[in-house]
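Q: sequence and computational prediction follow.
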Amino acid sequence: MSSAPPIIHHPAFRAEMPAGHRFPMDKFSRLATMLEAEGVAGPVGFVRPEFIDVETLLLAHTEDYVRGVIELILPPDVVRRIGMPNTDSVATRARAATGGTLLAARLALEHGIACNTAGGSHHASAESGAGFCVFNDVAVAARRLLAEGKIGKALVVDLDVHQGDGTARIFEDDPSVFTFSMHAEKNFPHRKAVSDLDIELADGTDDAVYLEKVGEILPALLSSVRPDIVFFNAGVDPHADDKLGRLSLTDEGLGRREAYVLGACLESEIPVVGVIGGGYDADIDRLAARHAILHRTAKSLYS
């Protein structure tokens, strides 16, 4: 067995954006450079995904929406909701990132753990993107594995600071996927969806309170849901310095969170997929280092 878990990356994860756009697109390429320099990707480097195919996208998204993204004919109101231009570069990025999460899921089933260097686009629902999310990569990957009979039950552990509303809506009538979201109560989206389990946190929640909540909830979920795979959205926007977060976690708190979630899955012998979720900071190096906590932690636990 390799000394490092599979880590997925594709150069297309970084799309071309208009000058001054507020989404920190450079974080994907910077994260990859950082992980390579630290040797976290292992001696053979990153695993490169295929772009997700249309047939697989249709397992979680409507045909009109998928066509709109790929053929660059999305209505203006949907483009506004997404917050990214409807360009070939953005569509290619969405297909690459979704392919990355599916590949990470396949490799997690084989190796016990695998991480994408993108993914976690949890605001995208069946018929529309939103909040910088085009395709819901976790939903697409879960649906593909279910359709192939590779899994019978999935658990989504979404710890991004924003509710995983799109994921909740896609799976609201699907008992084969249990959605758990722990997020800032007063943050985006204004109109929350209903996950199978929602935990809303007060502004300013710190490491101690946050980690206590995770510790109370996760073991019980793993034993009651008994998933065949866990999709872990490790958004770093609960950090105190995040521009779009309202919580007060530290780098140490994020590290302890990642170690706890990944460790609990591994101890229970449940394959776990890590996706990076949200993170917003003008300092790209600092932001990439925050996202890298997921991959560093995965490597430290891998054996």
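A: Looks like it arrived, so ask away.
Q: wait, residue 157 touches residue 229, no?
A: No: using C-beta atoms under 8 Å, residue 157 is not in contact with residue 229; the gap is 11.0 Å. To be clear about C-beta, it is placed using only N, CA and C from the backbone, and glycine gets the same treatment.
Q: you'd agree residue 161 is in a helix?
A: No: the assignment for residue 161, made by DSSP: H, G, I helix; E, B strand; the rest coil, is coil rather than a helix.
Q: next, count neighbours for it.
A: Using other C-beta atoms under 10 Å, residue 161 has 26 other residues around it.
Q: over to residue 213?
A: Residue 213: 15 neighbours (other C-beta under 10 Å).
Q: so the closest residue to it other than its chain neighbours versus residue 163, what's the distance?
A: Once flanking residues are discounted, residue 213 sits nearest to residue 199: 6.1 Å by C-beta to C-beta, 6 or more residues apart in numbering. Residue 199 is 10 Å from residue 163, where distance means C-beta to C-beta, to the nearest Å.
Q: the more surrounded of these two?
A: residue 163 (28 against 17).
Q: that older thread, mutual contacts of residue 199 and residue 163, please.
A: 181, 183 (C-beta atoms under 8 Å, 6 or more residues apart in numbering).
Q: so who does the residue nearest to residue 213 touch?
A: So residue 199 contacts 180, 181, 182, 183, 213, 217 (C-beta under 8 Å, 6+ apart).
Q: low-confidence stretches in the stretch 201-303 of the chain?
A: Where the stretch 201-303 of the chain drops to pLDDT under 70, the residues are 303.
Q: so which residues of it form helices?
A: 207-225, 251-267, 284-301 (DSSP state H, counting those that start in this stretch).
Q: only alpha carbons, please: show the helix or strand hosting the residue nearest to residue 213 as PDB.
A: Using DSSP states H and E, residue 199 sits in strand 197-201. Below are the C-alpha coordinates for strand 197-201, written out as PDB (Å, rounded to 0.1, in the frame of the first residue of the first chain):
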ATOM      1  CA  LEU A 197     -30.200  16.400  10.400                       C
ATOM      2  CA  ASP A 198     -29.400  20.100  10.600                       C
ATOM      3  CA  ILE A 199     -27.400  21.600  13.400                       C
ATOM      4  CA  GLU A 200     -27.400  25.500  13.400                       C
ATOM      5  CA  LEU A 201     -24.600  27.300  15.300                       C
END
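Q: give the partner strands of it in its sheet and their orientations.
A: strand 177-184 (parallel) (DSSP bridges).
Q: export the partner strand to CSV, keeping only CA atoms.
A: Output of strand 177-184 as CSV, limited to C-alpha atoms (Å, rounded to 0.1, in the frame of the first residue of the first chain):
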residue,chain,number,x,y,z
VAL,A,177,-28.6,9.1,1.3
PHE,A,178,-28.6,10.6,4.7
THR,A,179,-27.8,14.4,4.7
PHE,A,180,-26.2,16.0,7.8
SER,A,181,-25.3,19.7,7.8
MET,A,182,-23.8,21.7,10.6
HIS,A,183,-23.6,25.4,9.8
ALA,A,184,-23.9,29.0,10.9
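Q: now do it: everything it contacts.
A: Residues outside strand 177-184 that contact it (C-beta under 8 Å, 6+ apart) are 122, 139, 142, 146, 153-165, 167-168, 171, 195-201, 203, 205, 213-214, 217, 221, 225, 227, 238, 245-247.
Q: for the record, mean pLDDT for that strand?
A: Per-residue pLDDT values over strand 177-184 give a mean of 98.
Q: what's the burial count for the residue nearest to residue 75 when sequence neighbours are not counted?
A: The spatially closest residue to residue 75, leaving aside those adjacent along the chain, is residue 68, at 7.2 Å (C-beta to C-beta, 6+ apart). Residues within reach of residue 68, counting by other C-beta under 10 Å, total 21.
Q: residue 68 sits in which helix or strand?
A: Per DSSP H and E: residue 68 is located in helix 63-70.
Q: just the buried residues of that helix, please?
A: The neighbour-count check on helix 63-70 (16 or more other C-beta atoms under 10 Å) flags 65, 66, 67, 68, 69, 70 as buried.
Q: for the fourth one, what are its contacts?
A: Each residue near residue 68 by C-beta under 8 Å, 6+ apart is listed here: 74, 75, 78, 86.
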